[in-house]
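> here you go, sequence then predicted model.
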Amino acid sequence: MKKFLIIIFTIAIFLTGGIFGYKKIVSDEREKKIIQMFNKDILDNFVENKKSVIERLKTSNPEEADKIYNDYLKISQLIIENINTEHLDFLNNIYNEDSEYYFTEKDWKTVNKFLNNYDLKIFDLAETEVRIVEVPNYYYNIFKDYVTGDYREYLEITYKENEDPYFTDGSILVSYDKIADRLLTWENFLKKYPNSNLAEIANEKCNIYRRIYILGSDNSPTREGGWENNELFYIPENNLKEFNRFIEKYPDSPTSDIIKYYLENYKEENINTLISKKLNKNYEGE
């Protein structure tokens, strides 16, 4: 009887080891197949461009480094576009369960582990739109020790924002007070560096947050009601409370003036257009 149990136990161990071994083989084969989906030549090109830029930065002064950043951003964005175009087949089918490119959660991790070697990752822009993008701190890590103060701060703000996406597929992912914090960060940047070459793009980023903060999104607007059902527009209590909090806490913020304008005119059918015009005037200083 004892010998019989030992035999059964040995067989069980053998079978268990065989199952785990088989799963390991299948897992390894899947990982290999996923990695083979990528064009390594175009990924290597992205890395080589980065290395070339770093070498140039080592002998540059801060103003020259700013220019190198501006030039490199254009080049790297073109390479990123080429990378995405090259891999459209699987990027467009990651959510298609009938496709060989369908990704499980584990596959996502496998891909990002591989792409991290190139300072890249796959990112879900929306439920049906997936792209390959740089890791959040990519440009900051390259340029932080070489560029002028405004560029360094701009890159730091941008990478921290990229680490924590705020919006996707018509939905706001963070609370309105967090949106307020982000627009205030850009307002402070513009106060600190009014003559920066980055002032225009910083104001654009600020206005994106202002628009979301004041008007909300398609899935979460800051006013309800409407013309179709002959209803009066109104601002939900939580949004009204947040607007009042902002105005009281930041009375000197340019955003406070735009919020006040919104509160006075939110019943207008074309309020989105009116706010957009107000934001443009805010930048032009009119």
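Nice, I can see it.

> which residue ranges of this structure form helices?
2-35, 40-57, 62-86, 88-91, 105-115, 138-143, 149-163, 176-192, 199-215, 237-249, 254-265, 271-284 (DSSP state H).

> for residue 97, which of those is the nearest?
Nearest to residue 97 among the helices of the chain is helix 105-115 (12.3 Å), distances taken as Cβ to Cβ. C-beta here means a position set from N, CA and C on the backbone, and glycine is covered the same way.

> okay, buried residues for the closest one please.
Neighbour counts over helix 105-115 (16 or more other Cβ atoms under 10 Å) mark 107-108, 110-111, 114-115 as buried.

> nearest to residue 152 among those?
Using Cβ to Cβ, the buried residues of helix 105-115 come closest to residue 152 at residue 115, 26.1 Å.

> please name the spatially closest residue to the closest one (chain neighbours excluded).
Leaving aside its sequence neighbours, residue 115 sits nearest to residue 121 (Cβ to Cβ, 6 or more residues apart in numbering; 5.3 Å).

> between the buried residues of helix 105-115, which is nearest residue 137?
Comparing the buried residues of helix 105-115 against residue 137 with Cβ to Cβ picks out residue 115 as the nearest, at 14.7 Å.

> OK, contacts around that closest one?
38, 43, 121-122, 132 (Cβ atoms under 8 Å, 6 or more residues apart in numbering).

> the residues you listed, buried ones only, as a PyMOL selection?
Only the buried entries of the contacts of residue 115 go into this PyMOL selection, using 16+ other Cβ under 10 Å:
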select buried, resi 38+43+121+122+132
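
> thinking again about what came up before, which one of the helices of the chain lies closest to residue 222?
helix 237-249 (4.4 Å).

> ok, residues contacting the closest one?
If you take Cβ under 8 Å, 6+ apart as the criterion, helix 237-249 is touched by 176-177, 180, 214, 216, 222-223, 235, 253, 255-256, 259-260, 262-263.

> got the angle between that helix and helix 176-192?
30 degrees (axes from the mean of the first three to the mean of the last three Cα atoms, to 10 degrees).

> now do the buried residues in helix 237-249.
239, 242-243, 246-247.

> could you do stretch 57-73 as well?
When burial is assessed from 16+ other Cβ under 10 Å, stretch 57-73 yields the following buried residues: 57, 65-66, 68-69, 72.

> looking at the residues you listed, spot the one nearest residue 194.
Closest approach to residue 194 among the buried residues of stretch 57-73 (Cβ to Cβ): residue 66, at 16.5 Å.

> returning to that earlier point: can you list the buried residues of helix 237-249 in JSON lines and add pLDDT and distance to residue 278?
Below are those laid out as JSON lines (pLDDT from 0 to 100; distance: Cβ to Cβ, whole Å):
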{"residue": "239", "pLDDT": "91", "distance to residue 278": "18"}
{"residue": "242", "pLDDT": "94", "distance to residue 278": "19"}
{"residue": "243", "pLDDT": "95", "distance to residue 278": "15"}
{"residue": "246", "pLDDT": "97", "distance to residue 278": "16"}
{"residue": "247", "pLDDT": "97", "distance to residue 278": "15"}
